[in-house]
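Colleague: Next come a sequence and a model predicted from it.
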Amino acid sequence: MNCFSTLNGSFSSLASSATLSTPYNTLISSHRHQAFPHLQTVSIQPRVGFAWSPMGVDSKTVVRGGFGIFADVFPAGIADSFLNNAPENVQFVIGGGLLAPGFPASTETTATQSDAGFQTGFNQGGSLTTISAAVPTFGPPAFATAVSDIKYPTYYEWNLEIQHQFNRNTSLDINYVGNNGTEEPISNPGVNAYNNPDPTAANYTGVNFVGLNTTQPLPNFSTVTQISSGAHSNYNGITTSIIHQSGILTLQFNYTYSHALDEISNGGLFGFGGSAVLNPIDPYNLGLANYGNADYDSRQYVSGSYVLTIPYYGGPHFLTDLWQITGTAFHNSGFPFTVTDGATSGALSGQGYGGTVVADETAYGLKRCGGSGANPNTPCKLANFFSTATGFGSQHRNQVFGPGYTDTDVSLLKGFKIPHWQEANVQFGIQAFNVLNHPNFAFPVHDVANSQLGSILNTVNTPTSILGSFLGGDAAPRLLQVKAKFEF
């Protein structure tokens, strides 16, 4: 299946050698059967572990540990970017103009005319110069490419665990876990960005953004997204667990203190919490502004669960036997977000920048925006600390934390034995999700171009609920469910 298109060489080499008169069919290598020029094919992943009873084989204390190297395949979904490249599927990023289709000056009309002109000119050796002469509204197409050598994301992981059993019912477990990730995916849509500070220039967008090239590196294209591997991450966390198991009660309590840092979370493939920065902020220096708290970094996490089986104390078995109360509770201290500048991001899209522009940090001290931001009278004072962006480097990614999350679920169940079937019973009951009806709030509005900056407008759902997962159902308030279960 020869349907991939890539640049005919590295982006940097073409940027230094191509001119406006270079034909597109020499800049683009089309109808390729392979998305990446070279993809790692072999990965060595050694692992070692140990278990030690320091007081002998009958000891109630066990020490365990291990180290391993783990690799993941490079995300196959990224290859879709090369399926959508010119000439097979031409993409145009056109900044400014009318949005209404059908109008002569609209962006939709410009894109349609640009596509027709490109398709005609590509097979005839057309260049930006010749196609623009034939189609005055022609806008250079967007393009996705990859560096010459793509490697598997690789993770070095280790742990040290101490487990002690106090008696036959109760044990304590303390587990330290760490990892370091390398060669993680990077999708950089800013390599072809430029700054145009001259307001008299024909293509001036109204933004003077310090830090970008003053001329576009490869003006034959608009936004160029370069795929590579090389992002880093690390995690350190310690979890303490207490487990108690007896005839009538099973109880578990967990507390985790951890810190996760990276440059791009989840390989830039999907956002977390609606505020993720999925690309390099500074297209020339990934670590300068991107390295910070991971999107899913929650410093403190507490959880617990219990199962209480009420013993039979007499009376009619039908009424007093097989009662059970179960429940869970958990709390995290909140996830981080980045204050962005949507207006500047939109303007720079017309200058080849497809990433996320972060706002300038003008003062220091704000580290958390809690649930009080849901009150219209007490929004988080983000405007006191952030303003419209003028360049890179004044704010690091994910330095402000949003509200924490607390949830408690309870079930009350009653079982009934089935006559003449010893191991079978039917169980009825009611389950209450978020039984305390505790409100959990989303991130505040974190775009400095938004008049509601700092206000929390929504609550958040549980990860899964009786309404399903990721279906848009509002599972934030208390939910009750009647349950029936047959066991045999």
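Modeller: Yep, it's here. Numbers count the residues shown, from 1 in each chain.
Colleague: which residue packs closest to residue 32, ignoring adjacent ones?
Modeller: residue 4 (4.3 Å; C-beta to C-beta, 6 or more residues apart in numbering). Yep, even glycine has a C-beta here, placed from its N, CA and C like the rest.
Colleague: Kindly give the local confidence score, pLDDT, for residue 196.
Modeller: On pLDDT, residue 196 comes in at 80.
Colleague: What is the three-state secondary structure of it?
Modeller: Put simply, residue 196 is coil when judged by DSSP: H, G, I helix; E, B strand; the rest coil.
Colleague: And for it, the neighbour number?
Modeller: 21 (other C-beta atoms under 10 Å).
Colleague: longest strand in the protein, by residue count?
Modeller: strand 224-245 (DSSP state E).
Colleague: what separates that strand from the chain centre, distance-wise?
Modeller: Put simply, strand 224-245 sits 12 Å off its chain's centre (C-alpha atoms, centre = their mean, to the nearest Å).
Colleague: Make sure the residue nearest to residue 32 is actually in contact with residue 85.
Modeller: Yes: the criterion here is C-beta atoms under 8 Å, and residue 4 meets it with residue 85 at 7.5 Å.
Colleague: Mind listing the residues bridging to residue 188?
Modeller: Beta-bridge pairing for residue 188 (DSSP bridges): residue 226.
Colleague: Near it, how many other residues are there?
Modeller: For residue 188, the count of nearby residues is 24 (other C-beta under 10 Å).
Colleague: Within the sheet, what are the partner strands of the host helix or strand of residue 429, with directions?
Modeller: The secondary structure element spanning residue 429 is strand 425-433 (assigned by DSSP states H and E). Strand pairing for strand 425-433, determined by DSSP bridges: strand 405-417 (antiparallel), strand 479-487 (antiparallel).
Colleague: Show the contacting residues for residue 341.
Modeller: Shown in contact with residue 341 (C-beta atoms under 8 Å, 6 or more residues apart in numbering): 357, 358, 359, 360, 388, 389, 447, 448, 449.
Colleague: if you set the cut-off to 7 Å instead, what comes out?
Modeller: Taking C-beta atoms under 7 Å, 6 or more residues apart in numbering as the contact definition, residue 341 lies against 357, 358, 359, 388, 389, 447, 448, 449.
Colleague: same check, this time on residue 361
Modeller: Contacts of residue 361 (C-beta under 7 Å, 6+ apart): 385, 386, 394, 395.
Colleague: Give me the pLDDT value at the third one.
Modeller: Same thing as residue 394. 82.
Colleague: now the first one
Modeller: The per-residue pLDDT reported for residue 385 equals 94.
Colleague: Tell me how far it lies from residue 424.
Modeller: Using C-beta to C-beta, to the nearest Å, residue 385 is found at 63 Å from residue 424.
Colleague: okay, those two: which has more neighbours?
Modeller: The neighbour comparison of residue 385 against residue 424 (other C-beta under 10 Å) goes to residue 385, with 20 against 12.
Colleague: and the gap between the more buried one and residue 290?
Modeller: For residue 385, the distance to residue 290 - C-beta to C-beta - is 20 Å.
Colleague: For the very next helix or strand once past the longest strand of the chain, which outside residues touch it?
Modeller: As assigned by DSSP H and E, the chain's next helix or strand after strand 224-245 is strand 249-262. If you take C-beta under 7 Å, 6+ apart as the criterion, strand 249-262 is touched by 231-244, 291-294, 296-297, 299-308.
Colleague: Can you list the strands that strand 249-262 pairs with?
Modeller: According to DSSP bridges, strand 249-262 forms sheet pairs with strand 224-245 (antiparallel), strand 292-293 (antiparallel), strand 300-310 (antiparallel).
Colleague: so how many other residues sit close to residue 42?
Modeller: 6.
Colleague: ditto for the one 3 residues further on
Modeller: Taking other C-beta under 10 Å as the neighbour definition, residue 45 ends up with a count of 11.
Colleague: Surely it and residue 69 touch.
Modeller: Yes: between residue 45 and residue 69 there is a contact at 4.9 Å, judged by C-beta atoms under 7 Å.
Colleague: Can you tell me which helix or strand of the chain has the lowest average pLDDT?
Modeller: The weakest-scoring helix or strand in the chain, judged by mean pLDDT, DSSP states H and E, is strand 91-92 (a mean of 70).
Colleague: Mind giving me the packing neighbours of the next helix-or-strand element following that strand?
Modeller: Toward the C-terminus, strand 91-92 is succeeded by helix 107-122 as the next helix or strand (DSSP H and E). Applying 3 or more C-beta pairs under 7 Å, 6 or more residues apart in numbering; DSSP states H and E, we find helix 107-122 packed against strand 91-92, helix 128-134.
Colleague: Turn the ones you listed into TSV, including distance to residue 31 and mean neighbour count.
Modeller: Output for the helices and strands packed on helix 107-122, formatted as TSV (distance: least, C-beta to C-beta, whole Å; neighbours: other C-beta atoms under 10 Å):
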stretch	distance to residue 31	mean neighbour count
strand 91-92	17	19
helix 128-134	20	17
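Colleague: closest one to residue 480 among these?
Modeller: strand 91-92 (48.7 Å; C-beta to C-beta).
Colleague: so residue 26 is in which element?
Modeller: Applying DSSP H and E, one finds residue 26 within helix 24-27.
Colleague: tell me what that helix is packed against?
Modeller: Partner elements for helix 24-27 (3+ C-beta pairs under 7 Å, 6+ apart): none found.
Colleague: Can you give me the buried ones in it?
Modeller: 24, 25, 27 (16 or more other C-beta atoms under 10 Å).
Colleague: Which residues are in contact with residue 479?
Modeller: Contacts of residue 479 (C-beta under 7 Å, 6+ apart): 433, 434, 465, 466.
Colleague: just for the stretch 251-400 of the chain, where's the confidence low?
Modeller: In the predicted model of the stretch 251-400 of the chain, residues 271-274 satisfy pLDDT under 70.
Colleague: Please, where are all the helices along it?
Modeller: For the stretch 251-400 of the chain, the helices defined by DSSP state H, counting those that start in this stretch occupy 286-290, 317-320, 342-348.
Colleague: name the helices or strands packed onto the second one?
Modeller: Spelled out, it's helix 317-320. Helix 317-320 packs on no helix or strand, going by 3+ C-beta pairs under 7 Å, 6+ apart.
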